[in-house]
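**Q** build me a model:
(one chain, ligands or ions: 1)
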Amino acid sequence: MSNILVTGAAGYIGSHFVRRFLNAKSAGQVIAVDNLSVGHRESLPDTERIHFFENDIGDLEFARSLFRKHDISAVVHFAASAYVGESQEQPFKYFDNNVIGAINLFKAMDEAGVKKIVFSSSCATYGNPNYCPIDEDHPQKPVSVYGNTKYIAEKAIQALATTGWSYVSLRYFNASGCDDSGEIGESHDPETHLIPLALQTALKKREVLSIFGDDYETEDGTCVRDYVHVNDIADAHLLAFDKLESGAKTEINLGSSVGASVKQVIDLCKEVSGRDIPVKVCPRRAGDAVALFADHKRATEVIGWTPKYDLRSIIETAWNWESNRKY
Ligand code: UDP
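**A** Just a heads-up that it's a prediction; the model follows:
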């Protein structure tokens, strides 16, 4: 088996994927690239099967050199900037990394005759949904710079597919949870995601958790999201990777298909941690959709994927990590 290039390999989802890949496949090297702007070098295991490069994959000459030196057959492209709020403040950082960087990678791939990719896309490409659960045929009208950059990259890949590429673009809903081992997990700086913030508040690392709005038209007034475990997401990449060989060209939602409200998540975090989580109700956060959850039928039909972790086990694995973080 030839080698696989994983970009953003030391990031939250990339590092979980690399572990699952090494366990699932007995052969093949991982050419792991990460500029460590947000990734953690220690999230990658120490093994001869990983060749790590601290570099920017959007650097065309560097990308070209990788394809020249290593026998790469396919790419799993995680590397991207991924904060919606930041993307509104620094749009060109997002255009540079998520669009220009991606296109440079695609150019280097194409020149090297590597025409297979699993791409990290996002439910942010849908914008404010017209209906839920959201299926892949739902119109895409991204409302943030981040969502637009993912949309543009999806379109570039679709265009390349008309020239012979095969691809699976995976539209993540709310990636959450951590590996059961407790050795790798979620570590963002700044942290903006609900579950780690709730658990850090339970641990008294933060005084109080903000609830961004409790006057939405939902059962308890708080926003509804679709939380999906990072290992389930990683496994979907493995399944998608196996489909590239048979010429897959598709977009797939990765969500649990179950919506959970902010208050439901917080209650479960209290239960799992056995601690109190002080909250304060704050104004709505700009750009938040009231409810977002996936229809993941296509994932089941096309790549045979169904999530294995429910919300409780997502929070249990996140609690295991938060209580004893390695980085
Ligand atoms: N949220 C919240 N307080 C926080 C962080 C998030 O109430 O401190 C809410 C947020 O408004 C959204 C949900 O929790 O409705 C999930 O937010 P997160 O940032 O984790 O993911 P997003 O859905 O924005 O990708």
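**Q** for whichever strand or helix holds Glu61, which positions count as buried?
**A** Taking DSSP states H and E as the definition, Glu61 sits inside helix 60-69. Residues of helix 60-69 classed as buried: 60, 62-64, 66-67 (neighbour count, 16 or more other C-beta atoms under 10 Å). For glycine as for every other residue, the C-beta is placed from the backbone atoms N, C-alpha and C.
**Q** tell me how many other residues crowd the closest residue to the ligand within the stretch 1-150 of the chain.
**A** Per C-beta to the nearest ligand atom, Val84 is where the stretch 1-150 of the chain lies closest to the ligand, at 6.4 Å. Other residues within reach of Val84, judged by other C-beta atoms under 10 Å, total 20.
**Q** and it, what does it touch?
**A** 124, 144, 146-147, 287 (C-beta atoms under 8 Å, 6 or more residues apart in numbering).
**Q** hang on, the earlier thing: dump the C-alpha coordinates for the helix holding Glu61 into CSV.
**A** Taking C-alpha atoms only, helix 60-69 is exported to CSV below (Å, rounded to 0.1, in the frame of the first residue of the first chain):
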residue,chain,number,x,y,z
LEU,A,60,2.9,25.3,-3.2
GLU,A,61,6.7,24.5,-3.4
PHE,A,62,6.6,22.6,-0.2
ALA,A,63,3.5,20.7,-1.3
ARG,A,64,5.1,19.9,-4.6
SER,A,65,8.2,18.6,-2.9
LEU,A,66,6.1,16.3,-0.7
PHE,A,67,4.5,14.6,-3.7
ARG,A,68,7.9,14.3,-5.4
LYS,A,69,9.6,12.6,-2.4
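**Q** tell me the strands beside the helix or strand following that helix, with direction?
**A** The first helix or strand that comes after helix 60-69 along the chain, using DSSP H and E, is strand 72-77. Sheet pairing of strand 72-77 (DSSP bridges) gives strand 3-7 (parallel), strand 116-122 (parallel).
**Q** for strand 72-77, give the mean pLDDT please.
**A** The average of the pLDDT scores along strand 72-77 is 97.
**Q** show me the strands in the protein, by range?
**A** Using DSSP state E, the strands assigned to the chain run over residues 3-7, 30-33, 50-53, 72-77, 116-122, 166-172, 174-176, 209-212, 224-225, 227-229, 249-254, 260-261, 279-282.
**Q** gap between the fifth one and the chain center?
**A** Read that as strand 116-122. 10 Å (C-alpha atoms, centre = their mean, to the nearest Å).
**Q** need the pLDDT of the closest residue to the ligand within the stretch 201-327 of the chain.
**A** The nearest approach of the stretch 201-327 of the chain to the ligand comes at Cys223, 3.1 Å away (C-beta to the nearest ligand atom). For Cys223, the model assigns a pLDDT of 96.
**Q** ok, how many other residues are close to it?
**A** Quick note: Cys223 (other C-beta under 10 Å) scores 24 neighbours.
**Q** in this structure it contacts Phe293, no?
**A** No - at 10.8 Å, Cys223 and Phe293 do not qualify as touching, with contact defined as C-beta atoms under 8 Å.
**Q** that older thread, counting contacts, what elements does the helix holding Glu61 pack onto?
**A** If contacts are counted by 3 or more C-beta pairs under 8 Å, 6 or more residues apart in numbering; DSSP states H and E, helix 60-69 sits against helix 101-111.
**Q** let's have the contacts of Val84 in JSON lines, adding distance to the ligand.
**A** Shown next, in JSON lines, are these (distance: C-beta to the nearest ligand atom, whole Å):
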{"residue": "Ala124", "distance to the ligand": "7"}
{"residue": "Ser144", "distance to the ligand": "10"}
{"residue": "Tyr146", "distance to the ligand": "10"}
{"residue": "Gly147", "distance to the ligand": "10"}
{"residue": "Gly287", "distance to the ligand": "8"}
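**Q** output these in TSV, with pLDDT and neighbour count appended to each entry.
**A** Below are these laid out as TSV (pLDDT from 0 to 100; neighbours: other C-beta atoms under 10 Å):
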residue	pLDDT	neighbour count
Ala124	96	26
Ser144	93	22
Tyr146	96	25
Gly147	96	23
Gly287	81	16
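**Q** show me these that map onto helices.
**A** 146-147 (DSSP state H).
**Q** tell me which of the contacts of Val84 is nearest to Thr201?
**A** Gly287 (22.9 Å; C-beta to C-beta).
**Q** who's in contact with the closest one?
**A** 84-85, 88, 143-144 are the contacts of Gly287 under C-beta under 8 Å, 6+ apart.
**Q** spatially nearest residue to Phe78 (excluding sequence neighbours)?
**A** Nearest residue to Phe78, sequence neighbours excluded (C-beta to C-beta, 6 or more residues apart in numbering): Gly8, at 3.3 Å.
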